[in-house]
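**Q** any chance you can model this:
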Amino acid sequence: MAHHRKRTSLKYKLNLFIYLGVFILLLNFPVLYLGVNNVNRSIRQLELTEDLYNTILEMRRYEKNFLLYHDRKSLKFIKYYLDTAERLLTGNSAYLQTISDRMELSRLNSGIKNYSVFYKEILSMPESEYNVDAKKQKAIRTIGKQLVDETAMLLHAKRTQIAQGAKNALRWPLVFMGAMFLLFASGARLIIKKVVKPLAIIEKATEKVALGDFGPISWDGRDKNEVDHLITAFNRMARELEAREEQIIHSRKVASLGTLVSGIAHELNNPINNIVLTVDSLVGRKKPTPEKCSELLEDILTQALRASDIVKNLLEFSRAETSSYKELDVAALLEETIRIAKNHITLSRIRLHYEIADDLPKINGNHQGLQQVFLNLITNAVQAMPNGGDLTVRAGLENDNRIKIEIRDTGVGISDEDLPHIFDPFFTTKEVGKGTGLGLSVSYGIIKKHGGQITVKSKPGKGTTFTVLLPVNRE
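**A** Purely as a prediction, here's the structure:
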């Protein structure tokens with residue numbers, strides 16, 4: 001198992017490519033050296049072959065002078081070149097066998113010997129009797145021509161061999177270069193496929209995480225290499241962050257309940273007081289008529305249902321919910337949120353202005369997440385107006401097919417220095433112990449996760465306006 005994991009790791013594969021590349025590169029040097037050495041040796045052998053060919057040509061030139069012009073001095077030169085040719089043949093017989101067969105070499109050797117016999121015979125004659133008849137001249141010329149033809153064939157064979165050797169010397173470096181190129185291309189493909197592309201996917205995923213989208217990366221992970229382990233760890237981190245975000249949202253809801261508790265207590269107190277007064281009437285000294293008794297019991301039931309609705313709304317709001325998305329009515333969601341905060345708004349001496357457009361299209365979103373956003377913004381607006389003021393909640397459809405929700409207050413506002421940091425985690429303008437700085441940060445993440453946008457405009461002393469833009473549900 002460990003051995004298989006080692007073989008599938010990127011480090012192992014990249015090291016393998018590097019070692020193969022170094023091996024091919026090092027192998028290229030001895031092959032190149034051998035090729036150059038063979039070419040040099042062939043050039044020296046070509047020079048020997050050319051020497052043999054030129055020697056025989058010179059020998060034939062003096063043969064012509066002797067036979068045509070009876071120049072007796074030419075015999076000495078013929079003997080000299082004949083001895084030279086014999087020495088070249090004898091000293092390089094092993095090399096000559098590499099460029100011609102034994103029969104050709106045998107003919108060349110016998111031709112030299114026959115040629116030597118003729119001239120030794122002539123040289124053995126007295127100088128006054130140097131006389132070569134026509135038949136012998138023809139034989140000498142025939143042997144001489146044969147020697148020229150044979151050496152010319154040797155020279156041609158050697159040149160052909162050198163040309164082939166040069167091709168071979170060039171071929172192998174090209175083969176190694178091709179192998180290096182293929183190795184480089186394979187390594188580049190491996191890096192692009194197994195490193196660059198996954199890192200680009202991870203980069204996009206981190207950008208989504210920054211916007212509040214904790215969706216995992218789809219990855220088969222068959223190779224089980226380092227990048228696969230990184231993506232697995234990233235997905236695990238994303239799931240953990242999503243779980244932590246849900247916990248933070250839930251804790252913010254609980255914190256919001258703490259802020260709204262005085263208004264909630266006042267709202268519950270009214271139906272409870274009404275129930276107490278009604279019961280007192282029922283059990284008082286003066287017994288009510290059956291009709292009056294029925295009326296009082298209906299009033300008790302109405303007030304009990306009112307208290308039950310208040311508790312039910314609180315329970316639904318405080319209940320932890322998974323990040324499920326469904327079709328939502330923004331107008332109904334805003335009304336439900338305002339109903340939760342209504343008494344808190346009233347007790348804070350704030351006038352509520354509610355302007356919601358008719359027939360707003362539905363959106364696809366998380367109910368409790370968006371409710372938490374709107375409640376955070378409303379609660380912040382109320383807290384920004386300690387001496388009372390006006391709170392405006394407005395919703396309408398924009399031309400770009402997005403629903404625009406505005407929550408505007410006439411409170412203390414936000415300074416220009418604090419405004420750029422208002423959505424940063426743990427940034428708060430409240431006093432120590434009165435805020436964690438997570439409310440707007442969490443709200444920002446929730447809106448981004450819905451594909452929306454949240455912005456703020458504020459001037460110190462002139463109030464603040466938060467604007468939320470949410471895409472409508474496309475059918």
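**Q** list the residues that contact Glu63.
**A** Going by Cβ atoms under 8 Å, 6 or more residues apart in numbering, Glu63 touches 74, 78, 140-141, 144. Every residue, glycine included, has its C-beta placed from N, CA and C.
**Q** farthest pair in those residues?
**A** Farthest-apart pair in the contacts of Glu63 is Ser74 and Arg141; separation 14.4 Å (Cβ to Cβ).
**Q** quickly list the domain ranges of the protein.
**A** 2-197, 240-471 (automatic domain parsing).
**Q** please identify which of those is closest to Lys208.
**A** Here domain 240-471 is closest among these (Cβ to Cβ), at 9.1 Å.
**Q** and the end-to-end length of the closest one?
**A** 27 Å (Cα to Cα, to the nearest Å).
**Q** quick one: the strands in this structure?
**A** For the chain, the strands defined by DSSP state E occupy 326-328, 350-356, 363-365, 389-397, 402-409, 453-459, 463-471.
**Q** which one's more surrounded, Ser74 and Arg141?
**A** Ser74 (19 against 14; other Cβ atoms under 10 Å).
**Q** pLDDT value on the more buried one, please?
**A** We have a pLDDT of 81 for Ser74.
**Q** pretty sure Ile363 contacts Tyr325?
**A** No. At 9.6 Å, Ile363 does not count as touching Tyr325 under the criterion of Cβ atoms under 8 Å.
**Q** which of these two has more neighbours?
**A** Comparing Ile363 with Tyr325 by neighbour count (other Cβ under 10 Å), the higher total belongs to Ile363, at 22 against 14.
**Q** so what's Ile378 up against?
**A** Taking Cβ under 8 Å, 6+ apart as the test, what Ile378 contacts is 337-338, 341, 345, 391, 393, 407.
**Q** follow-up on the earlier one: need the winner for burial among the domains of the chain.
**A** Highest mean neighbour count among the domains of the chain (mean count of other Cβ atoms under 10 Å): domain 240-471, with a mean of 16.
**Q** show me how far it is from its chain's centre.
**A** 45 Å (Cα atoms, centre = their mean, to the nearest Å).
**Q** and the contacts of Ile378, which is the shakiest by pLDDT?
**A** Ala341 (82).
**Q** how close does the nearest residue to that residue once chain neighbours are set aside sit to Tyr354?
**A** Residue nearest to Ala341 in three dimensions, not counting chain neighbours: Ile378, with 5.2 Å by Cβ to Cβ, 6 or more residues apart in numbering. Per Cβ to Cβ, to the nearest Å, Ile378 is found 11 Å from Tyr354.
**Q** returning to what we had before: just put the strands of the chain in CSV and tack on distance to Met59.
**A** Compiled in CSV, these are given as follows (distance: least, Cβ to Cβ, whole Å):
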stretch, distance to Met59
strand 326-328, 110
strand 350-356, 121
strand 363-365, 105
strand 389-397, 112
strand 402-409, 105
strand 453-459, 103
strand 463-471, 103
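**Q** of those, which is nearest Asp133?
**A** Per Cβ to Cβ, nearest to Asp133 of the strands of the chain: strand 463-471, 119.5 Å.
**Q** strand partners (parallel or antiparallel) of that closest one?
**A** strand 402-409 (antiparallel), strand 453-459 (antiparallel) (DSSP bridges).
**Q** okay, the angle between the first one and strand 350-356?
**A** Interaxial angle, strand 402-409 versus strand 350-356 (axes from the mean of the first three to the mean of the last three Cα atoms, to 10 degrees): 170 degrees.
**Q** so Gly215 sits against Lys208, correct?
**A** Yes. Using Cβ under 8 Å, Gly215 is in contact with Lys208, at 6.7 Å.
**Q** and those two? which has more neighbours close in?
**A** A count of neighbours by other Cβ under 10 Å puts Lys208 above the other of Gly215 and Lys208, at 16 against 13.
**Q** what sits against that one?
**A** 214-215.
**Q** repeat the analysis, applying 7 Å as the threshold.
**A** By Cβ atoms under 7 Å, 6 or more residues apart in numbering, Lys208 lies in contact with Gly215.
**Q** again with Leu46
**A** 158-159, 162.
**Q** narrow those residues to those in helices?
**A** Cross-referencing the contacts of Leu46 against helices under DSSP state H gives 158-159, 162.
**Q** report the separation between the closest residue in space to Ser116 that isn't next to it in sequence and Leu147.
**A** Of all residues not flanking Ser116 in the chain, Leu82 sits nearest, at 5.6 Å (Cβ to Cβ, 6+ apart). Look at Leu82 and Leu147: by Cβ to Cβ, they are 10 Å apart.
**Q** could you do Gly389 as well?
**A** Gly389 sits 125 Å away from Leu147, going by Cβ to Cβ.
**Q** for the residue lying closest to Leu370 once chain neighbours are set aside, list the residues it contacts.
**A** Take Leu370 and drop its neighbours on the chain: the residue closest to it by Cβ to Cβ, 6+ apart is Leu333, 6.1 Å away. Counting by Cβ under 7 Å, 6+ apart, Leu333 touches 367, 370-371.
**Q** in CSV, list those along with distance to His421.
**A** Output for these, formatted as CSV (distance: Cβ to Cβ, whole Å):
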residue, distance to His421
His367, 29
Leu370, 24
Gln371, 25
